[in-house]
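Enquirer: I would like the atomic coordinates for the input below:
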Amino acid sequence: MDISEFKSEEEYVAQMKRGALLNPRVDSTFKALFTSPTEASRAALKSFLEAAIERKIKSFTLNPNDAPPSYNGQRGVSYDILCLLDDGRAADIEMQSFSQKYDYGKRAEYQVSRLETTYLKKGEDWENAPIVYQITVLDFVYNKESKNAVSRYAMRTKDGQELSNALNVIFIELPKVESYEGSLDSNTLLENWALFLKEADNPKKLGLIQKLMQKEDGLMQAQKSLSSISENQDLWIAQYRQEIYERDRRSSLNAAIREGLAEGRAKGLAEGRAKGLAEGRAEGRAEGRAEGRAEGKQDAYLELVREKLISIQDAANKLGKSEEEIKELLDKHD
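Expert: Below is the predicted model:
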């Protein structure tokens, strides 16, 4: 349920008593799902890791989340779920619930590089450089050029020749998985994992979750782990506060954009009045400014929709257009 539907923290937490499930796309819940001291949690993490790196794992250990600096002043890095595998490989798993204003690609490259240097000991032969993975689950669209929910990145030449397989970045974009619901048998295991993470707490998708659990024991264990941690009141409080924080952040951003639009319109009107006294070219400039302001306003609201700060219906109302027109504009600009 949307956080705005709850009047207080107590009302939100009361869902727990009604058997509701925590949202695995919220950072605190995501971590608890995979790192709780239960067999179900550990089996779920093993299944997810195998799906992500596309190989079987005999065993793994959870390591400290902060990478030690190599020199004074080096930028710190903290991992969400850091795993060292039995064959020396290492993987960092992260959940990004909300889109921030920074480059996730560069961030992932930095993190996977630090992961490599953390586990390559000083003086060790380069042949022993471990294979590392930075795995990020995104609850928003990162790559608008592709419809694939799973993207795998590695260092290659322009014609596709692999430099090495040491550094691997894997992005899982949850908004893209809806089209996979009808193809559970042909989906990859990681695609089915993405479906689980997207819909596990949605009571309307219970049938889908049951089908996923029947196909993969790891997903059944994940459901058991999610059910177990959903009885933890502290996790419900943590989830509520994180969602409130993000709602307030979005509201502030939304207000700043609206204020910027208002200031831009006021400035444009003032310029229009001052220059509109002249005829001919002045009139044409005024018309151009008016068109520019209209286009700017439209682009701003389309960006709000892409960032999930407002709904398509809200944008349609603000711009005086139909929802279909807004969808066409989004498709056109994308």
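
Enquirer: let me see the contact set for residue 112.
Expert: Residues near residue 112 by C-beta atoms under 8 Å, 6 or more residues apart in numbering: 92, 132-134, 167-169. The way it works is simple: take the backbone N, C-alpha and C, and place the C-beta from them, glycine included.

Enquirer: doesn't it lie inside a helix?
Expert: Yes: Residue 112: assigned to a helix according to DSSP: H, G, I helix; E, B strand; the rest coil.

Enquirer: excluding chain neighbours, what is closest to it?
Expert: By the measure of C-beta to C-beta, 6 or more residues apart in numbering, the closest residue to residue 112 outside its immediate chain neighbours is residue 134, 3.9 Å from it.

Enquirer: tell me the secondary structure at the one you found.
Expert: strand.

Enquirer: dump the residue contacts of it.
Expert: So residue 134 contacts 91-92, 94, 108, 111-112, 115, 168-170 (C-beta under 8 Å, 6+ apart).

Enquirer: out of those residues, give me the two with the largest separation.
Expert: 94 and 168 (13.9 Å; C-beta to C-beta).

Enquirer: how close does the residue positioned nearest the centre of the chain get to residue 35?
Expert: By C-alpha atoms, centre = their mean, the chain has its centre lying nearest to residue 138, at 2.1 Å. Here the criterion is C-beta to C-beta, to the nearest Å. By it, residue 138 lies 20 Å from residue 35.

Enquirer: what helix or strand is the nearest residue to residue 178 once chain neighbours are set aside on?
Expert: Of all residues not flanking residue 178 in the chain, residue 198 sits nearest, at 7.8 Å (C-beta to C-beta, 6+ apart). Per DSSP states H and E, residue 198 falls inside helix 189-199.

Enquirer: list the buried ones in that helix?
Expert: 189-199 (16 or more other C-beta atoms under 10 Å).

Enquirer: need those in TSV with distance to residue 332 and pLDDT, can you?
Expert: What follows is the buried residues of helix 189-199, written out as TSV (distance: C-beta to C-beta, whole Å; pLDDT from 0 to 100):
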residue	distance to residue 332	pLDDT
189	35	96
190	31	97
191	28	97
192	32	97
193	33	98
194	27	97
195	29	97
196	33	97
197	30	97
198	26	96
199	29	96
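
Enquirer: gap between residue 15 and residue 80?
Expert: 25 Å.

Enquirer: low-confidence regions, the stretch 151-300 of the chain specifically.
Expert: 248-296 (pLDDT under 70).

Enquirer: just the strands in it please.
Expert: 167-173 (DSSP state E, counting those that start in this stretch).

Enquirer: kindly report the same for the stretch 1-150 of the chain.
Expert: Under DSSP E, counting those that start in this stretch, the stretch 1-150 of the chain gives strands at 60-62, 81-85, 90-96, 132-138, 150-154.

Enquirer: residue 182 is nearest to which of those strands?
Expert: Ranking the strands of the stretch 1-150 of the chain by proximity to residue 182 (C-beta to C-beta) places strand 150-154 first, at 17.2 Å.

Enquirer: show me what the closest one is in contact with.
Expert: Contacts of strand 150-154 (C-beta under 8 Å, 6+ apart): 105, 108, 142-143, 162-163, 165, 167-173, 188, 190-191, 194.

Enquirer: now with 10 Å, please.
Expert: 51-54, 105, 108-109, 112, 133-135, 138, 142-143, 162-173, 176-177, 180, 187-188, 190-191, 193-194 (C-beta atoms under 10 Å, 6 or more residues apart in numbering).

Enquirer: list only buried entries from those residues.
Expert: Buried members of these, scored by 16+ other C-beta under 10 Å, are 51-53, 108-109, 112, 133-135, 138, 142, 166-173, 176-177, 180, 187, 190-191, 193-194.

Enquirer: residues bridging contact with residue 94 and residue 168, i.e. touching both?
Expert: Joint contacts of residue 94 and residue 168 (C-beta under 10 Å, 6+ apart) are 134-135.

Enquirer: helices along this protein, start to end?
Expert: Secondary structure of the chain by DSSP state H: the helices cover 9-13, 27-35, 39-53, 104-119, 189-199, 206-215, 217-229, 233-275, 281-306, 312-319, 323-333.

Enquirer: with distance to residue 156 added, can I get these in CSV?
Expert: Output for the helices of the chain, formatted as CSV (distance: least, C-beta to C-beta, whole Å):
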stretch, distance to residue 156
helix 9-13, 46
helix 27-35, 30
helix 39-53, 18
helix 104-119, 14
helix 189-199, 20
helix 206-215, 32
helix 217-229, 30
helix 233-275, 36
helix 281-306, 29
helix 312-319, 38
helix 323-333, 30
